[in-house]
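Enquirer: Just the structure for this:
(one chain, ligands or ions: 1)
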Amino acid sequence: MRASLMQIAVNEGETVQARRGRVASLVREQAGADLVVLPELWTTGAFAFEEFAAEAEPLRGPTYEVMAEAAVEAGVWLHAGSVPERDPDGTLYNTSLLFSPAGDLAASYRKIHRFGFDKGEAVLMGAGRAPVTVPLPATTLGVATCYDLRFPELFRALVETGAEVLVVPAGWPERRRAHWTLLARARAVENQAFVLACGTAGTHAGVPQAGHSIVVDPWGEVLAEAGAGEEVLTVDFDPAEVARTRERFPALKDRVLGLETPRRDAFQV
Ligand SMILES: O=C(O)CCC(=O)C(=O)O
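Expert: Reported below is the predicted structural model:
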């Protein structure tokens, strides 16, 4: 399976419309890949909070239209990253779109863990509730978005529903790049799954982006890692490696489900 992670530069000075057109052309150039992945909120930038409402789109909005067409033209499965989605009730969500090579919407996913504590996305957007897996011909994807990477229980739920390739679009900041790499590898090792984590490059809203998109195999080895700038990171991998790893080192089989609530034992001096 060939995956191309498109680490898009999100810089001020390029309009959303111009970036949408530019990214669609780049997607079309990825013909020959099986799966193409874009980052989180690449239209606005994940930290351009004041743009979210202005650039929010319905699920089947301008990004949907352009990306469905690009998926068909490239003949690829396209995880088109996420957009600020406006629900008909007015709530905004950080929503990922995944298209089949026929241009059909195979899945959409509303980011569950919103970033920003008491500001930014955490107050401007609603929270998704539903983890999403997507069966492809060769494997099953589990999808998550950026800050979700810090919540292992979401990834375990995806794996329990059959995910073998965990796809994580992000807009991760440079100042916490060490966490990005560490967490991507941790999610791969603990779930014995591939992790395809695609970030943004450039600087927007004064926040330099980490870049360093990364592909990790089920043993935790880094198969490919991007630099800091805009780049398409292409990697070939065999999804059957998931089953082989789980067979060879069957730790997942040893998990104990339905634990009791932890006791608070008093410490006796
Ligand atoms: O968790 C982090 O350090 C970054 C998360 C983030 O930037 C996001 O979810 O948009």
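
Enquirer: Can you list the buried residues in whichever helix in the chain runs longest?
Expert: Identified as the longest helix of the chain according to DSSP state H is helix 177-191. Neighbour counts over helix 177-191 (16 or more other Cβ atoms under 10 Å) mark R177, W180, T181, L183, A184, R185, A186, R187, A188, V189, E190, N191 as buried. C-betas here are computed from N, CA, C, even on glycine.

Enquirer: Dump these into CSV; add distance to L223 and pLDDT as well.
Expert: Below are these laid out as CSV (distance: Cβ to Cβ, whole Å; pLDDT from 0 to 100):
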residue, distance to L223, pLDDT
R177, 18, 98
W180, 16, 98
T181, 13, 98
L183, 17, 99
A184, 11, 99
R185, 11, 98
A186, 16, 98
R187, 14, 99
A188, 10, 98
V189, 14, 98
E190, 18, 98
N191, 16, 98
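
Enquirer: Let me know the closest of these to E225.
Expert: Nearest to E225 among the buried residues of helix 177-191 is T181, at 7.8 Å by Cβ to Cβ.

Enquirer: From the ligand, how far off is the closest one?
Expert: According to Cβ to the nearest ligand atom, to the nearest Å, T181 stands 12 Å off from the ligand.

Enquirer: What about the residue nearest to that residue when sequence neighbours are not counted, how many residues nearby?
Expert: The shortest distance from T181 to any non-neighbouring residue, by Cβ to Cβ, 6 or more residues apart in numbering, is to I214 (6.2 Å). The number of residues packed near I214 is 24, by other Cβ atoms under 10 Å.

Enquirer: same deal with A48?
Expert: 22.

Enquirer: Over to the one 4 residues further on?
Expert: In terms of burial, F52 registers 23 neighbours under the definition other Cβ under 10 Å.

Enquirer: Is it correct that it is in contact with G126?
Expert: No: in this structure, F52 is not within contact of G126 by Cβ atoms under 8 Å, at 11.6 Å.

Enquirer: and for these two, which residues touch both?
Expert: L92 (Cβ atoms under 8 Å, 6 or more residues apart in numbering).

Enquirer: what ranges do the helices span in the chain?
Expert: Secondary structure of the chain (DSSP H): helices located at 16-28, 49-55, 62-74, 121-124, 152-160, 177-191, 240-248.

Enquirer: I'd like those laid out as TSV, including distance to A228.
Expert: TSV is the format used below for the helices of the chain (distance: least, Cβ to Cβ, whole Å):
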stretch	distance to A228
helix 16-28	18
helix 49-55	23
helix 62-74	25
helix 121-124	23
helix 152-160	26
helix 177-191	9
helix 240-248	28
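
Enquirer: wait, what's in contact with the residue nearest to T181?
Expert: Contact analysis of I214 by Cβ under 8 Å, 6+ apart lists W180, T181, A184, V195, A197, V222, A224, E225, A226.

Enquirer: Which one of the residues you listed is nearest to the ligand?
Expert: W180 (7.4 Å; Cβ to the nearest ligand atom).
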